[in-house]
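Participant: Fold the following.
(chains A and B)
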Protein chains: 2
Amino acid sequence: MEKTDILVLGGGPAGLVTAGTARSYYPDKTITLARNVEQAVVPCGIPYIFNRLGSVEKNLVPDAGLAKQNIQLLIDEATGLDAEAHTVTFASGRVLEYEKLVLAVGSAPVQLPIPGADQEGVFYVKKDPAYLKTLYAAVQSAKRILIIGGGFIGVEFAEEIGSMPGKEVAVVEMLPCCLAQAFDKELCSAGEAELTALGVQLYTGRKVLQITGAGQATGVKLDDGTELPADLVIFSIGARPNVALAQEAGLTIGYSRGIWVDEYLRTTAPDIFAVGDCAEKKDFFTRKVTPVMLASTASAEARIAGANLYSLRVVRDNRGTLATFSTRLGKTTLAAAGLTERRAREEGFDIIIGHAKTINRHPGSLPGAHTTEVKLIFSADSLILLGGQVAGAQEAGELINLIALALQNQMTATQLETLQVATHPLLTPAPTVYPLVTAAMQAIAQS
Amino acid sequence: MEKTDILVLGGGPAGLVTAGTARSYYPDKTITLARNVEQAVVPCGIPYIFNRLGSVEKNLVPDAGLAKQNIQLLIDEATGLDAEAHTVTFASGRVLEYEKLVLAVGSAPVQLPIPGADQEGVFYVKKDPAYLKTLYAAVQSAKRILIIGGGFIGVEFAEEIGSMPGKEVAVVEMLPCCLAQAFDKELCSAGEAELTALGVQLYTGRKVLQITGAGQATGVKLDDGTELPADLVIFSIGARPNVALAQEAGLTIGYSRGIWVDEYLRTTAPDIFAVGDCAEKKDFFTRKVTPVMLASTASAEARIAGANLYSLRVVRDNRGTLATFSTRLGKTTLAAAGLTERRAREEGFDIIIGHAKTINRHPGSLPGAHTTEVKLIFSADSLILLGGQVAGAQEAGELINLIALALQNQMTATQLETLQVATHPLLTPAPTVYPLVTAAMQAIAQS
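Facilitator: Here you go, the predicted model:
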């Protein structure tokens, strides 16, 4: 029987990082990475294939890195797992024996069981280059594009396609505003304003009841009676962990329908790990299961799993998943880390909020000047940071990582108030009004 | 006698932030801020008045903020201090009694005692709008501009003026390369390459012996015999704390010739604090005195002093000054925090270094893509982070603050390896190659 020391199933960020980390920690082991698609796509780059990148090809991950790290690549679909025998069976009939197995098999788009959803012209966001090429062509030829779901992927599709000449884009979102899971209302509004400025129509607080058409989608019916015409319908209403293989092999599946894993990404079966979208996550603050599916989270997990396959070498410091997002809509970067105000209250935290609004250059007449708004949420008694949200320019993509780092260190408002940062006229707000500091001061003033 | 509860001397960032913080912590106290210039300039904006801002006026701090916070503004020069009587005498003859005094009197440019340095056409970088207007006019009319000193201010002047049509700019630097105090050689080279690309001539490893000319500067003579012609000579070779007032009043002056202060910015005289450039700083890692003079450091100190004037309300968490710089030369942002490799070795640290080089977008063909290079320095045994340097695009100005925050939390390479960050195609490198993480992994691989 064919053998490999380490077998990684899945070629997305979780699989790639696990294999690469394993290579650096275990230079003498043979490593095989198996995936079920000819080429791997950059998952978070998918919204940008239509215009900014201009093709699916430009969003592919080159395989050269694998060869360079002496990682065997196998294009095949895993169809069976025998956890006791330590073997995986593939669609081709191949059977591979492993010492350590890592399931990095990702997630699949949620499909709504509504009438008409199985017609031509209805698409999902799949990480499959062949499928994406069909979607790419459909977007190029369509005029009216309707996106169902106003989360990150949905609004990014809307922004990208809405920036293309001649396209009419609409978004339908069940919650009261787009991006409502990640941001509080005022930040959501900033994002919605950018979409509206591009001419994107927003239908929030409404559900889709039906996709109209006779074989070819022609539009949707909403629960308030609205009928919207469309040449193309794209669903982006979330994803579910791929757990069939694990479930059939008898591994425990968690409450969130992800594969149950411990602090070190070990499943209930010996020598089998699970990382990324297919593995269940626990919230950083409450230890509840949380449905976060992010390439950055997957990469962090993959580094822990990859290092710890044969013994626990990297002691895990992060006590859970800190949801940390960023996106860019028009000229505004929106980013969030940790709990929103709404979620903090729902979880029962007694909170204080600090706001800051400033310009990201000093003086503000320098080139590239843009408003930066920061909202920080603190525990009222301990003044420990619980979450933060930013609306700003390009560099807000790293400013949110400052907030994420402060969260991971359980920093307090007092520590943030006396933070030592670098500031520069062409790069940041003035040191006198650095927004993390002023938001912390504002919170302290209320305590 | 005129009285004020809190008297702040100095209208730069240190003075402004002290007064503002005092206002929020002590709403019932009267606060007076006295400064010796008609209007306050943004200190770090000075290099950009010549071209990007286009005037001295655009680099002034508006006084409206003071009035809004009910802070009395006094334009007068403090000439005497009686620490026992709690009074300050001003040039106008006015005497003001205080409960608490904060010295935020800044620093003055170092002047070289070389022949010819007192001629017309020789300038220093002073935070005085009237003086800067003269310098502004001189720069506009000069063709050959020679800058002595290749530290931050010197290279920023060179880049700004070097970007103006028809200017020939040269920099003379005593050390082997420009920016050598803040960066290791490879990063200095990245900065020098940007200057050279703008046509700026660099004369490193050489000292100026003489300013030539007969009343009007015509050039300089270097210690290797080189003679360089110039219409205008600008010195930017550092600054010394303004301590005359404090010294005459009997306050202790430290080894670095700054005013001695304790952890809470208290001088040796009761009820007198000193913050910013005029106050002595201690290094974060070694507790040695360090000559760091940065508006960001001054602001952090000012927040501690401002809050703690009447009792210690904000307990200081930062155990010393973490030098954290950023600048932008051409298309490259250079930034540093903590110890350089060279300084870490000089101080006796046994170190491991991790490097990462990546693209700040994913895939790298997205708009705005630019190389991001990170160098991290760790203690070899504890793997605690000691310093970091970045060369990258615009957002490197915030990426360095991530490193600064990690330093302030004494984070280890293991913690950085499993960091949870937000990544986005249009905003950051890919999660699989986030540079702080990969540099940490590279360091661990060597440990």
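
Participant: burial measure for residue A:140, as a count.
Facilitator: For residue A:140, the number of neighbouring residues by other Cβ atoms under 10 Å in any protein chain shown comes to 12. Yep, even glycine has a C-beta here, placed from its N, CA and C like the rest.

Participant: By neighbour count, which bits of the helix or strand hosting it are buried? Give me those.
Facilitator: In the assignment (DSSP states H and E), residue A:140 maps to helix A:129-141. For helix A:129-141, the buried set under the neighbour-count rule, 16 or more other Cβ atoms under 10 Å in any protein chain shown, comprises A:129, A:131-132, A:135-136, A:138-139.

Participant: Kindly report the same for stretch A:173-185.
Facilitator: By 16+ other Cβ under 10 Å, the buried positions in stretch A:173-185 come out as A:173-174, A:177-184.

Participant: same question, stretch A:264-284
Facilitator: Within stretch A:264-284, the residues that count as buried by 16+ other Cβ under 10 Å are A:264-267, A:269, A:271-284.

Participant: Restricted to strands, list these.
Facilitator: Among these, the residues falling in strands (DSSP state E) are A:272-274, A:281-282.

Participant: Of the buried residues of stretch A:173-185, which belong to strands?
Facilitator: Secondary-structure check on the buried residues of stretch A:173-185 using DSSP E: residues within strands are residue A:173.

Participant: how about stretch A:288-297: buried residues?
Facilitator: Buried positions in stretch A:288-297, judged by neighbour count with 16+ other Cβ under 10 Å: A:289-297.

Participant: now the strands: where do they sit in the stretch 301-447 of chain A?
Facilitator: If you assign secondary structure with DSSP state E, counting those that start in this stretch, the strands in the stretch 301-447 of chain A sit at A:324-329, A:332-338, A:351-359, A:371-379, A:385-392.

Participant: ok, now which ones touch residue A:101?
Facilitator: The neighbourhood of residue A:101, defined by Cβ atoms under 8 Å, 6 or more residues apart in numbering or on different chains, consists of A:6-9, A:81, A:86, A:88, A:271-273.

Participant: Is it in a helix, a strand, or coil?
Facilitator: State at residue A:101, reduced to three classes by DSSP: H, G, I helix; E, B strand; the rest coil: strand.

Participant: Hmm, residue A:147 and residue A:154 touching each other?
Facilitator: Yes: the pair residue A:154 / residue A:147 is scored as a contact, 5.0 Å apart, by Cβ atoms under 8 Å.

Participant: Looking at the two now, which is surrounded by more residues?
Facilitator: Applying other Cβ under 10 Å to residue A:154 and residue A:147 shows that residue A:147 carries more neighbours, namely 28 against 24.

Participant: Now do the SS call for the more buried one.
Facilitator: Three-state secondary structure (criterion: three-state DSSP) places residue A:147 in strand.

Participant: Does it touch residue A:169 like I think?
Facilitator: Yes: here residue A:147 lies in contact with residue A:169, judged by Cβ under 8 Å, at a distance of 6.8 Å.

Participant: which neighbours do the two share?
Facilitator: Common neighbours of residue A:147 and residue A:169 (Cβ under 8 Å, 6+ apart) are residue A:158.

Participant: which non-adjacent residue is nearest residue A:412?
Facilitator: Once flanking residues are discounted, residue A:412 sits nearest to residue A:383: 4.5 Å by Cβ to Cβ, 6 or more residues apart in numbering or on different chains.

Participant: Tell me the residue of the stretch 251-400 of chain A that sits nearest chain B?
Facilitator: residue A:397 (3.0 Å; Cβ to the nearest Cβ).

Participant: Could you tell me the model confidence score at that residue?
Facilitator: In the prediction, the pLDDT value recorded for residue A:397 is 96.

Participant: What about it, how many residues nearby?
Facilitator: There are 27 residues near residue A:397, going by other Cβ under 10 Å.

Participant: Ignoring the adjacent residues along the chain, who's closest to it?
Facilitator: Nearest in space to residue A:397, with sequence neighbours left out and distances taken as Cβ to Cβ, 6+ apart, is residue B:427 at 3.0 Å.

Participant: who's in contact with that neighbour?
Facilitator: Applying Cβ under 8 Å, 6+ apart, we find residue B:427 in contact with A:326, A:328, A:333, A:394, A:396-398, B:361, B:395.

Participant: Listing partners with orientation, what would you give for the worst-scoring helix or strand of chain A on mean pLDDT?
Facilitator: Comparing helices and strands within chain A by mean pLDDT, DSSP states H and E singles out strand A:289-290 as the least confident, with a mean of 89. Here the strand partners of strand A:289-290, with direction, are listed using DSSP bridges: strand A:281-282 (antiparallel).

Participant: which residues are contacting the strand it pairs with?
Facilitator: By Cβ under 8 Å, 6+ apart, the list of residues contacting strand A:281-282 reads A:256, A:258, A:288-292, A:297, A:320-321.
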